[in-house]
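[1] generate a structure from the sequence data that follows.
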Amino acid sequence: MAVSTMRHLRLSFVIVLIFACARTSRGSEAGVSPKVDPRVELLSIVFRLAGNSEYNMSPLKTYTADIDSYFSPYKEHPAVVLARKLASERDVGFDTVMNLAVHLSPAPALNPLVTFTDNVPDPRFGKDNAVLLSQRLADFYRVTHFEKFLAAHQSFYDLAEKRFRVVLTDLDLNWYKTFYGDMRTGQYHLILGMNNGGGNYGPRVVWPDGHEDLFSIIGCWTQDDSRNPTYNADYLPTIIHEFNHSFVNPAFAEHKSEFASAKQIYERVADKMRAQAYGNSDTMVIESLVRAAVIQYLESRGHESREVRNEIRGEQRVGFVWMDELVDLLHQYDSQRSRYTTFESWMPVVAEFYRSLAPRIAESIASFNRHCVHVASLQPFPNQSTSADPETKELIITFDKPLDPEAGPRHHGYSISCDSDAKEHCPISGTPEFLPGNLSIKLQVSLKPDCEYSFVLTPLAFASPDGYPLETYTVTFKTKRVTQ
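    From the prediction side, this is the model:
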């Protein structure tokens, strides 16, 4: 049943988890193995203690309970205090934290791998803060006996690495050089961030000789009944996405000045962008290109047109309403490779696309919204009713367009969210049923007198046959009191 509570993560002193970031096997692109990296766990735990929400959203509650229990005495360690200060004053969080993680040598030294500057590992740190934090992290690692925590969870990490391998059956790293036309020497690293929840990141380390280490750091947002991590093919686009950053980001940086018009576009979609921690138009452009490139990858691997279409619709739903046009633009790039041999050489064409989009962005948004599905009515009482009959056994929700009963990740056609912290206020007691014509669904409910109820119809699965999603719709009501 897809009625869910949605939130879109033993002792040995021989630590075998250390992920060698020394430059070995340069240019080896035959494949990657998923690894848990102590540096990533360390940074995510320190910023969890500092209070960063993105490092406090993992669904792996047994693991996070162990983190909180083991490290709670160290919440005022100088590393955590500095992390808290940087998060508050310099907006350090999300990818900034992971950028630092991969720029440090293996524990316990945790020294800078390359010379830190005001831009390396990330401008939000600044050189002095990055150096100071790395020093305090080394002390945190020593004082907390961090290696003991890692060793105590070795079997947990081993299980995650083993289970993740199922995701890699359709991963083709050679695609990156083919698509981007980029002949830089580099090595790919796939890291599992066990405390990262739904947070995923794509940092890179650029060495003085031009060699690069490219990272796809993947969180975990699914688990089994034992609260151990599970993975499936749905994680693949995220891997592709994060590795894309290592190519798209530097290409954009070379042409950043050409994208001034993107600010007009950002103003129109700012709320949805900020909800994803994309705080400016530069990040918006980069993310849109990274996501369009994921769709190109799926097409190159022969994924079904329906799946590709749904990827496009999903990106439009979260604010990138121009994604269909951008994908078409990358098709043009792919067909003109004799002229545009690298993705970077194509960037002026992309900049022109954004200049042309800016004056028509309002209509693009309106057009997408017109195509989306909307709730037309709720029966037998209206939404937000304060006198619903507690004897009601069924709700009928009708939409303005027919739905696809096989849409969504599990092909159920429906996705309903209830607050996990208030399950008694979720009225749904059975599996949703599509009525003839697929314009309505019937929900079995179990109600009590004088109670408040709520649930949310989400666009995760609710969609029209051509993939346009439902506009998120919250149902709230209160049942009337029964007098004796």
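[2] please identify the buried residues of the host helix or strand of residue 270?
    Here residue 270 sits within helix 262-274, counting by DSSP states H and E. Buried residues in helix 262-274, counted by 16 or more other CB atoms under 10 Å: 262, 264-266, 268-270, 272-273. Any C-beta I mention is one placed from the backbone N, CA and C, and that applies to glycine too.
[3] show me where the stretch 151-300 of the chain has strands.
    186-192, 204-206, 212-218 (DSSP state E, counting those that start in this stretch).
[4] quick one, helices of the stretch 351-484 of the chain?
    361-371 (DSSP state H, counting those that start in this stretch).
[5] tell me where it has strands.
    375-379, 394-399, 416-417, 433-434, 440-444, 452-457, 473-478.
[6] cool, the stretch 1-150 of the chain as well?
    With strands called from DSSP E, counting those that start in this stretch, the stretch 1-150 of the chain shows them at 3-4, 34-35.
[7] so what's residue 204 closest to, chain neighbours aside?
    Of all residues not flanking residue 204 in the chain, residue 246 sits nearest, at 4.4 Å (CB to CB, 6 or more residues apart in numbering).
[8] hmm, residue 201 and the one you found touching each other?
    No: between residue 246 and residue 201 there is no contact under CB atoms under 8 Å: 11.1 Å.
[9] surely residue 307 touches residue 298?
    Yes: Residue 307 is within contact range of residue 298, at 6.7 Å (criterion: CB under 8 Å).
[10] the two: which is more packed in?
    More crowded of residue 307 and residue 298, by other CB atoms under 10 Å: residue 298, with 18 against 13.
[11] what helix or strand does the closest residue to that one other than its chain neighbours sit in?
    The shortest distance from residue 298 to any non-neighbouring residue, by CB to CB, 6+ apart, is to residue 308 (5.5 Å). Element membership for residue 308 (DSSP H and E) is helix 305-317.
[12] now do that helix and helix 361-371, the angle between them.
    Angle of helix 305-317 versus helix 361-371, following axes from the mean of the first three to the mean of the last three CA atoms, to 10 degrees, is 130 degrees.
[13] just the buried positions in helix 305-317, please.
    Buried, per 16+ other CB under 10 Å, within helix 305-317: 308-317.
[14] returning to that earlier point: which of the strands of the stretch 351-484 of the chain is buried the deepest?
    Per residue and on average, the most neighbours among those fall to strand 416-417, with a mean of 22 (mean count of other CB atoms under 10 Å).
[15] now that strand: mean pLDDT?
    The average pLDDT within strand 416-417 is 92.
[16] ok now it, how far from the chain's centre?
    Centroid separation for strand 416-417 versus its chain: 19 Å, with CA atoms, centre = their mean, to the nearest Å.
[17] then stretch 119-135?
    The answer for stretch 119-135 is 25 Å, by CA atoms, centre = their mean.
[18] so where's the stretch 151-300 of the chain uncertain?
    183-184 (pLDDT under 70).
[19] same question for the stretch 301-450 of the chain.
    The model of the stretch 301-450 of the chain has pLDDT under 70 over residues 410-411, 420-421.
[20] quick one, domains of the chain?
    Taking automatic domain parsing as the reference, the chain has its domains at 9-229, 255-370, 372-478.
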